[in-house]
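Engineer: Build me a structure from this.
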Amino acid sequence: MTPAADRHDPLLRPLRGARFWLALWLLAIGATVAASLLPPSELPPVRGNDKLAHLVGYALLMAMAVQILQRRAALVAASVFLALLGGGLELAQGAWTAQRQADPLDALANLLGVGLGASLALTRAATWLQRLLPA
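Structural biologist: Predicted structure coming up:
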């Protein structure tokens with residue numbers, strides 16, 4: 001019988017601590033949801049271009065998925081999920097919060113960020129974490 005540590009989850013890339021990285025990615029998504037719905041007064045101010053922050057944030061979330069998820073179907077699902085999350089959070093800001101408003105340009109920046117992060121899968125950089133921390 002193979003020890004649990006030696007078993008490989010076919011969904012995840014074969015890298016050391018793959019489930020830790022998956023949990024970290026899910027935590028980052030949770031933090032994004034919380035930061036998107038909290039009143040702005042409870043968050044540190046964002047300096048610079050707000051749209052650039054949306055683009056970079058969602059690009060990083062998707063780039064994390066590319067580093068962690070191995071199967072193409074999982075990456076497509078992650079892309080769709082993050083794109084829907086980015087649009088959904090913008091709608092939720094307008095519908096559920098008093099101090100925020102929905103901004104279609106923020107949703108567009110989120111979507112472009114997902115696309116930018118997903119494009120990493122087409123490069124050698126897609127396996128950077130796996131090469132750094134082989135299983």
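Engineer: Please enumerate the helices of the protein.
Structural biologist: 18-37, 50-68, 72-96, 104-119, 128-132 (DSSP state H).
Engineer: which stretch among these comes nearest L11?
Structural biologist: Nearest of the helices of the chain to L11, taken as Cβ to Cβ: helix 72-96 at 5.6 Å. Any C-beta I mention is one placed from the backbone N, CA and C, and that applies to glycine too.
Engineer: what comes into contact with that closest one?
Structural biologist: 11, 29, 32-33, 36-37, 54, 58, 61-62, 65-66, 69, 100-104, 106-107, 110-111, 113-115, 118, 121 (Cβ atoms under 8 Å, 6 or more residues apart in numbering).
Engineer: and if we set it to 7 Å?
Structural biologist: 11, 33, 36-37, 58, 61-62, 65-66, 69, 100-103, 106-107, 110-111, 114, 118, 121 (Cβ atoms under 7 Å, 6 or more residues apart in numbering).
Engineer: List buried residues within these.
Structural biologist: 36, 58, 61-62, 65-66, 69, 100, 106-107, 110-111, 114, 118, 121 (16 or more other Cβ atoms under 10 Å).
Engineer: Now for these: which two are most distant?
Structural biologist: R100 and A121 (32.0 Å).
Engineer: Next one: the closest residue to D50 other than its chain neighbours from L55, what distance?
Structural biologist: In space, and not counting its chain neighbours, D50 is closest to D106: 7.1 Å by Cβ to Cβ, 6 or more residues apart in numbering. D106 sits 10 Å away from L55 when distances are taken as Cβ to Cβ, to the nearest Å.
Engineer: L85 now?
Structural biologist: L85 is 15 Å from L55, by Cβ to Cβ.
Engineer: ok, those two, which is more surrounded?
Structural biologist: Neighbour totals were compared for L85 and L55, and L55 leads with 22 against 19 (other Cβ atoms under 10 Å).
Engineer: does the more buried one really touch L112, like I thought?
Structural biologist: Yes: the pair formed by L55 and L112 meets the contact definition of Cβ atoms under 7 Å, at 5.6 Å.
Engineer: What count of nearby residues applies to T32?
Structural biologist: 19.
Engineer: residues touching it, list them.
Structural biologist: G57, L61.
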